[in-house]
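J.: Structure for the following, please:
(2 chains)
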Amino acid sequence: MKLHRHLHLRPLLEAVALTRDSEFDCAACSRHVAELADSLKSPSTPLSRELDLTRHHLAICQQCHDDFQMLQRAVAGIRE
Amino acid sequence: MLPSLVQDDLPWLQSLRATGDAQASAVRTLRALLVRALASALRHRAEVDASQVEDFAQDALLHILRRLDDFEGRSKFTTWAIAIAIDTAMSQLRRRHWQNISLDALMAQGAELAPLLHSTAEPPDTEDQRRLLSLLRDSISRHLTDRQRAAIAGQLQGLSVEELASALRTTPGGLYKLIHDARRALKKHLLASGITASQIRTAFAP
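T.: Purely as a prediction, here's the structure:
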């Protein structure tokens, strides 16, 4: 495959800045995304530690972030 | 029939675990819901047609039925089921786009990670940007392992987690740890150099 000759700096800097000692990986995130999607419908409710870690993972991991946006779109779609 | 089941989570587990007509009806309803959900989620993807959505929904349905005991009631059943359907569909779609990058190519890219890092403000405009980029490149060169550099290079290339893990001959969990340890090392050394987390995040922000 042909690799890009330039790698964009900003996503790496964003991820480094947001890095915590303890984080959810993709598997842990996937176990909580449904709960987070439902919780974000009531934004005044404080997030549990698990949901905070899930949201943090979504800020770090582009792939999980994209899937989460699809989940939100799909959940909205079944109620249209 | 679909809207009422969407709003009420309680009958799902009972119905799907039932036998006979009650179960068959619940399965049909869940399948229809998954098709509708996936059609909404994937509508921006031109390469996915209606028959593929049906196939993804069928595959997801089988996953869901096998995993009913995993549902803990922390979300609506439908949200949980749709999350599994998204994962099923996206895993298959991502696999179709695998580029079969070799370990050697990835390691070579990792070896060049520091000089390949590029910003829209290249060359950096400000003293802060120049300093941060210099420190970052130095930290990458001095404090990361070859595999960490290769993993970050692959991630910045947009490779999927699964493809990148496969290329590096590890698991997705192993890949996450590899990159997490690399980020921690970079952050530690940047902070030790007097750069704040806020500066890391905003120095190259538009």
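J.: Which single residue in chain B comes nearest to chain A?
T.: Per C-beta to the nearest C-beta, residue B:40 is where chain B lies closest to chain A, at 2.4 Å. No exception for glycine: its C-beta is placed from N, CA and C like everyone else's.
J.: can you pull the contacts of that residue?
T.: Residues near residue B:40 by C-beta atoms under 8 Å, 6 or more residues apart in numbering or on different chains: A:73, A:74, A:76, A:77, A:78, A:80.
J.: and the lengthiest helix in chain A with chain B, contact?
T.: Secondary structure of chain A read by DSSP state H shows that its longest helix is helix A:62-77. Yes - if you take C-beta under 8 Å from any C-beta of the partner chain as the test, helix A:62-77 does meet chain B, through A:62, A:63, A:66, A:67, A:70, A:71, A:73, A:74, A:75, A:76, A:77.
J.: where along chain A do the helices fall?
T.: With helices called from DSSP H, chain A shows them at A:9-18, A:26-39, A:49-60, A:62-77.
J.: Dump the C-alpha coordinates for the third one into CSV.
T.: If I follow you right, that is helix A:49-60. What follows is the C-alpha trace of helix A:49-60 in CSV, where atoms were taken according to Å, rounded to 0.1, in the frame of the first residue of the first chain:
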residue,chain,number,x,y,z
ARG,A,49,-17.2,7.1,36.4
GLU,A,50,-17.7,4.4,33.8
LEU,A,51,-19.6,6.8,31.5
ASP,A,52,-17.0,9.5,32.0
LEU,A,53,-14.3,7.1,31.0
THR,A,54,-16.4,6.0,28.0
ARG,A,55,-16.8,9.6,26.9
HIS,A,56,-13.1,10.2,27.4
HIS,A,57,-12.3,7.2,25.2
LEU,A,58,-14.5,8.6,22.5
ALA,A,59,-12.5,11.8,22.6
ILE,A,60,-9.3,9.9,22.1
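J.: which helices and strands does that helix pack with?
T.: Here helix A:49-60 is seen to pack against helix A:9-18, helix A:26-39, helix A:62-77 when contacts are counted using 3 or more C-beta pairs under 8 Å, 6 or more residues apart in numbering or on different chains; DSSP states H and E.
J.: Is the second one in proximity to chain B?
T.: To tie it back to what came earlier, the one meant is helix A:26-39. Yes - for helix A:26-39, a contact with chain B is found by C-beta under 8 Å from any C-beta, at A:26, A:27, A:30, A:32, A:33, A:34, A:35, A:37, A:38.
J.: Please report the confidence value the model assigns to the fifth one.
T.: Listed pLDDT for residue A:33 reads 98.
J.: Can you get me a residue count around it?
T.: Other residues lying near residue A:33 total 26 when counted by other C-beta atoms under 10 Å in any protein chain shown.
J.: pretty sure residue A:20 contacts residue A:55?
T.: No - with contact defined as C-beta atoms under 8 Å, residue A:20 does not reach residue A:55; the gap is 12.0 Å.
J.: more neighbours, the two?
T.: More neighbours surround residue A:55 than the other of residue A:20 and residue A:55, with 18 against 14 (other C-beta under 10 Å).
J.: At the geometric centre of chain A, which residue sits there?
T.: Averaging the C-alpha coordinates of chain A gives a centre point, and the residue nearest to it by C-alpha atoms, centre = their mean is residue A:58 (1.5 Å).
J.: For residue A:13, see how far away the closest residue to that residue other than its chain neighbours is.
T.: Using C-beta to C-beta, 6 or more residues apart in numbering or on different chains and skipping residues adjacent in sequence, the residue nearest residue A:58 is residue A:65, 4.7 Å away. Relative to residue A:13, residue A:65 is positioned 17 Å away (C-beta to C-beta, to the nearest Å).
J.: quick revisit: tell me, how many residues neighbour the residue nearest to residue A:58?
T.: Neighbour count for residue A:65, taken as other C-beta under 10 Å: 14.
J.: Could I get the pLDDT score of it?
T.: At residue A:65 the predicted local confidence, pLDDT, stands at 97.
J.: What segments of chain B are helices?
T.: Here chain B has its helices, by DSSP H, at B:2-7, B:10-17, B:20-41, B:50-66, B:77-96, B:103-111, B:113-116, B:127-143, B:146-156, B:161-167, B:172-192, B:197-202.
J.: Indicate which one of the helices and strands packed on helix A:49-60 is closest to residue B:68.
T.: Using C-beta to C-beta as the criterion, the shortest distance between residue B:68 and the helices and strands packed on helix A:49-60 is 14.1 Å, found for helix A:26-39.
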